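*Asks:* Prediction below, plus the sequence it came from.
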Amino acid sequence: MPSPWSPSRAMPSETAATNGGIAAWIANHTDRVLAVAILCALAIKFVLIARINVNWDEFYFLETTHQYIQGRLTGRFQTFHVHLFSWLPRLGWNEIDQIVAGRAVMQVMAVASAFLTYAIARRFVTRRGALFALLAYLSASAVIEHGASFRVDPIATFLSLLALFAILCRPAGLRGAALAGAAMALATLVTIKSAFYVVVIGGMFWCLVPGWRGRAKLGLVFAASFSVAIAALYLFHSATLPPQEAAGAGAFLRSSASKMFFDGVFPRAFDLIWFVIPNPLFCLMLAEGAVIAWAIARKPANWASWQAFLPLVLALPVLTPILYRNAFTYFYPFILPTAAILVGLSFDKHRQGAPRSNAGSAVKLAAVLVVAQCVILVFGNISKLADDVRVQRQAIADLRAIFPDPVPYIEGFGVLAGYPRSGFFMSSWGMDSYRQAGKPVFADLVAKDQPAFLLADAPSLYAALVPGVQVDENRTFLPEDIRFLQENYVRHWGMLFVAGKHLRAAGSGNLAFNIAVAGAYRFEAAAPAIIDGNRMEPGTVVVLAAGDHTIDFGGSAREATLRWAAASHVPDRAPADPLTFFQRKSWAGMTPQMMRADASR
């Protein structure tokens, strides 16, 4: 049975003669207008990648590459990207420049994904409909901001679209199924969220081929290719990494599955709302396109052909925010390319919606849609032209000036990728796992790694160490960990805390204290004191082993600070806090008012 989709069929409004006017000019040059807008959208991203604020998981993405080079990476899943970016640490650049270089690679993939999106859309809509669909996708706020972000999503998007293209376009058939299987195997090792498109591919096989035998043949070829490729790639990846703890991979997959899908309905409703609000045209045309596709599929002539449902099957990933826990804004560029086909259906419908006698109205409406989409693209990109990386670049440069040589440190996201970080990734997922375990972790981490400083860029760390700052309960450390951090690290500059102690004695002036991080400390006090029997003048350096020590203030002074001696200076620049560093208006309960109150102390 022939496919109900005939995108090459000319439409009345395309072939009808048009009179003068802007609408007529746009109608006669729609292809060129859309193509130029698309090229501009793709080109300007090479500028924006150096100006859009670096998200915390982009720092973590880079850190895993450094861990791989240093031989410290043990995780097998969602780390295959290290082979693609292992050259970044060897550049000798700072973290921001490395991420910008990585973003450039991601943008090249995004350009390839754009061509694949257009080619797939052409199976269902006209050339102009496909161009409009691609422009609508590239104009979406989430795509402008995150389409080339340095994380797994651009890689998975490209590989998933390549798999769909191989099945729908070329080479198609059994060879297409085999190529798709290999592409999805690599995508799955990059990120397990690629499984969403594996479901789509299963639906495509059902729709494309009549009869169980044909479907089974395609499915078996895909499954065989997928299995062989993922096994070979996994073994190769595993062979390049240090040994992993027993049951590490299985435990990761089980915990990932439970966290991703069992967190209620619309677990990221806020992110969904803040995608819909700035993208009303895309969302309206997407919904209208779904109605159009359903209406076409339900026509008696098409009902017997499952191919009529292909556009709806391809758009299935757009429903994942209903249940997927990590459907943050950066997730949308991954799920929207195939859904944009429905936008193209809506555009084509409007172009041919008016009867031939009133074709002019359809031409004008299509012109309005094209102009509106171009305006959305322009304003969306202009809104991101500000240099939101400057604060991060300056802060990292200042931190490296204080600690020029890599030393162990505590931090939430791996901002200093070349430094060995102690602790877990302090995203909402990481904090959930930490609180569910219910065990303090920092005393053991510090005893093992001896981190010389702490960078409180995560809400949990900042609230634990800065008086008056509170965060949501699910981002709060256990009391034992809060107390340990407060007792063993002192504030040096903004988010930077260094190993040290605030000492305060009463009565006779004698005080016993414990040192968690062994090393050289500077003695800061108004008068001399005796530490472990040795007289210490203010400003002198004392080397202390980890363990118990005593101080005798002797005179009237009863307070002193021991500060990590290597922290020899404080930068002249005003320090950043987590909100300014990550360009957030609020975060996990932290607000700018809290930051201002903190700065006034």
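*Replies:* Perfect, I can see it now.
*Asks:* Low-confidence ranges, the protein, go.
*Replies:* 1-20, 23, 244-263, 300-304, 353-360, 555-556, 596, 599-601 (pLDDT under 70).
*Asks:* residues in contact with residue 38?
*Replies:* Residues near residue 38 by CB atoms under 8 Å, 6 or more residues apart in numbering: 114, 131, 134-135, 138. Using the backbone N, CA and C atoms, a C-beta is placed for each residue, glycine as well.
*Asks:* any chance of these in TSV, with neighbour count and distance to residue 558 too?
*Replies:* Converted to TSV, the contacts of residue 38 look like this (neighbours: other CB atoms under 10 Å; distance: CB to CB, whole Å):
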residue	neighbour count	distance to residue 558
114	23	67
131	25	75
134	29	70
135	27	70
138	27	65
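*Asks:* Can you pull the domain assignment for the chain?
*Replies:* 30-241+266-382, 390-599 (automatic domain parsing).
*Asks:* can you give me how far the host helix or strand of residue 164 is from the chain middle?
*Replies:* Per DSSP states H and E, residue 164 falls inside helix 152-168. Relative to its chain's centre, helix 152-168 lies at 18 Å (CA atoms, centre = their mean, to the nearest Å).
*Asks:* returning to that earlier point: possible to save the domains of the chain as JSON lines with distance to residue 22?
*Replies:* Shown next, in JSON lines, are the domains of the chain (distance: least, CB to CB, whole Å):
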{"stretch": "domain 30-241+266-382", "distance to residue 22": "7"}
{"stretch": "domain 390-599", "distance to residue 22": "39"}
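*Asks:* Of the ones you listed, flag the one that's most buried.
*Replies:* With neighbours defined as mean count of other CB atoms under 10 Å, the domains of the chain peak in mean count at domain 30-241+266-382, which reaches a mean of 20.
*Asks:* Surely residue 477 touches residue 464?
*Replies:* Yes. In terms of CB atoms under 8 Å, residue 477 counts as a neighbour of residue 464; the distance is 5.1 Å.
*Asks:* Find residues that contact each of the two.
*Replies:* Counting by CB under 8 Å, 6+ apart, the shared contacts of residue 477 and residue 464 are residue 485.
*Asks:* Now for residue 181: which residues touch it?
*Replies:* Going by CB under 8 Å, 6+ apart, residue 181 touches 163, 221-227, 229.
*Asks:* one more time with 7 Å, if that's ok
*Replies:* 222-226, 229 (CB atoms under 7 Å, 6 or more residues apart in numbering).
*Asks:* Just put those in TSV and tack on distance to residue 507 and secondary structure.
*Replies:* Compiled in TSV, the contacts of residue 181 are given as follows (distance: CB to CB, whole Å; DSSP: H, G, I helix; E, B strand; the rest coil):
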residue	distance to residue 507	secondary structure
222	77	helix
223	76	helix
224	78	helix
225	77	helix
226	72	helix
229	72	helix
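*Asks:* any idea which of the residues you listed is closest to residue 288?
*Replies:* Taking CB to CB as the measure, residue 288 sits nearest to residue 222 out of the contacts of residue 181, at 32.4 Å.
*Asks:* residue contacts, that closest one?
*Replies:* Applying CB under 7 Å, 6+ apart, one finds that residue 222 lies in contact with 177, 180-181, 201.
*Asks:* and if you look at residue 334?
*Replies:* Residue 334 touches 153, 156-157, counting by CB under 7 Å, 6+ apart.
*Asks:* ok, now with 10 Å
*Replies:* When contacts are counted by CB atoms under 10 Å, 6 or more residues apart in numbering, residue 334 touches 113, 142-143, 146-147, 151-157, 160, 191, 193-194, 196-197, 317, 320, 327.
*Asks:* Same check on residue 341?
*Replies:* 117, 120-125, 129-130, 133-134, 137, 286, 289, 293, 310-312, 314-315 are the contacts of residue 341 under CB under 10 Å, 6+ apart.
*Asks:* now with 7 Å?
*Replies:* 121, 124-125, 133, 311, 314-315.
*Asks:* now swap in residue 424 and tell me
*Replies:* Each residue near residue 424 by CB under 7 Å, 6+ apart is listed here: 430, 434.
*Asks:* What's the separation between it and residue 491?
*Replies:* Applying CB to CB, to the nearest Å, one obtains 23 Å for the distance of residue 424 from residue 491.
*Asks:* And residue 585, by the same measure?
*Replies:* Residue 585 is 24 Å from residue 491, where distance means CB to CB.
*Asks:* One more: residue 581?
*Replies:* To residue 491, residue 581 is 16 Å away according to CB to CB.
*Asks:* following the helix or strand hosting residue 341, which helix or strand comes up?
*Replies:* Using DSSP H and E, residue 341 sits in helix 340-351. Downstream of helix 340-351, the first helix or strand assigned by DSSP H and E is helix 359-382.
*Asks:* What is that following helix packed up against?
*Replies:* Other helices and strands packing on helix 359-382, by 3 or more CB pairs under 7 Å, 6 or more residues apart in numbering; DSSP states H and E, are helix 12-15, helix 22-28, helix 30-48, helix 127-139, helix 141-146, helix 280-297, helix 340-351.
*Asks:* can you state the direction angle for that helix and helix 127-139?
*Replies:* 30 degrees (axes from the mean of the first three to the mean of the last three CA atoms, to 10 degrees).
*Asks:* Put the alpha carbons of helix 359-382 into CSV.
*Replies:* Output in CSV follows, covering the C-alpha atoms of helix 359-382 (Å, rounded to 0.1, in the frame of the first residue of the first chain):
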residue,chain,number,x,y,z
ALA,A,359,-5.2,31.3,-2.1
GLY,A,360,-3.9,34.8,-1.3
SER,A,361,-4.9,34.4,2.3
ALA,A,362,-2.9,31.3,2.7
VAL,A,363,0.1,33.0,1.1
LYS,A,364,-0.2,35.9,3.5
LEU,A,365,-0.5,33.6,6.5
ALA,A,366,2.5,31.5,5.4
ALA,A,367,4.5,34.8,5.0
VAL,A,368,3.5,35.9,8.5
LEU,A,369,4.6,32.5,9.9
VAL,A,370,8.0,32.8,8.1
VAL,A,371,8.6,36.4,9.3
ALA,A,372,7.5,35.5,12.8
GLN,A,373,9.8,32.6,13.0
CYS,A,374,12.7,34.7,11.7
VAL,A,375,12.0,37.4,14.3
ILE,A,376,11.9,34.7,17.1
LEU,A,377,15.3,33.5,15.9
VAL,A,378,16.8,37.0,15.9
PHE,A,379,15.6,38.0,19.3
GLY,A,380,16.4,34.6,20.8
ASN,A,381,20.0,34.9,19.7
ILE,A,382,20.4,38.5,20.6
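*Asks:* residues making contact with whichever helix or strand comes after that helix?
*Replies:* Using DSSP H and E, the helix or strand that follows helix 359-382 towards the C-terminus is helix 390-402. Contact partners of helix 390-402, identified using CB under 7 Å, 6+ apart, comprise 53-54, 94-96, 415-416, 496, 567, 569, 571, 573, 576, 580-581.
*Asks:* cool, and stretch 285-299?
*Replies:* Contacts for stretch 285-299 (CB under 7 Å, 6+ apart): 4, 136, 302, 308-309, 311-312, 315, 339, 342-343, 345-347, 349.
*Asks:* Would you point out the most distant pair within those residues?
*Replies:* 136 and 302 (25.4 Å).
*Asks:* closest to residue 214 among the contacts of helix 390-402?
*Replies:* Residue 214 has its nearest neighbour among the contacts of helix 390-402 in residue 54, at 47.9 Å by CB to CB.
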